[in-house]
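A.B. asks: structure of the sequence below:
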Amino acid sequence: MRLRKPQIDLRDRSVRGALAAGPRPYWQVLDRRSHLGYLRTRSQGIWIARFVRGRRKFADQRLGVADDREAADGIGVLSFAQAERAAWNWYAAQMIM
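C.D. replies: Residues are numbered from 1 along each chain as shown. Predicted coordinates for the structure are as follows:
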């Protein structure tokens, strides 16, 4: 999966709602090796974390459903801030491995 450009601010729910559904996530760069993705499907948005391990090597992790249609509960339905926090926790675990 390639990063889509230009950078889209995934924090804004209305911006996410205007994105086209498709097979590839929209990515927000958190730092050089860490990205938070938003995959828009026909029925919901899904948060995905990506950790870059090296050139063309990366690991992805599904974090949960985006709070586009339901209120965030911090477990299965996540706001941007909650998804970002979950991503950082997952990245920390990847650094140890």
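A.B. asks: center of the chain - which residue?
C.D. replies: The centroid of the chain falls nearest to residue 37 when counting by Cα atoms, centre = their mean (2.6 Å).
A.B. asks: so that one is in contact with residue 29, correct?
C.D. replies: No. At 10.4 Å, residue 37 and residue 29 do not qualify as touching, with contact defined as Cβ atoms under 8 Å. Placement of C-beta: from N, CA and C, glycine included.
A.B. asks: can you list the weak-confidence ranges in the chain?
C.D. replies: Counting by pLDDT under 70, the chain contains low-confidence ranges at 1-6, 96-97.
A.B. asks: what's the single longest helix in it?
C.D. replies: Taking DSSP state H as the criterion, the chain has its longest helix at helix 80-96.
A.B. asks: who are the packing partners of that helix?
C.D. replies: strand 26-31, strand 34-40, strand 45-54, strand 57-66 (3 or more Cβ pairs under 8 Å, 6 or more residues apart in numbering; DSSP states H and E).
A.B. asks: buried ones in it?
C.D. replies: Residues 80, 82, 83, 84, 86, 87, 90, 91, 94 are the ones in helix 80-96 that count as buried (16 or more other Cβ atoms under 10 Å).
A.B. asks: and the nearest residue to the second one once chain neighbours are set aside, what helix or strand is that in?
C.D. replies: Read it as residue 82. Leaving aside its sequence neighbours, residue 82 sits nearest to residue 74 (Cβ to Cβ, 6 or more residues apart in numbering; 5.3 Å). Of the helices and strands defined by DSSP states H and E, none includes residue 74.
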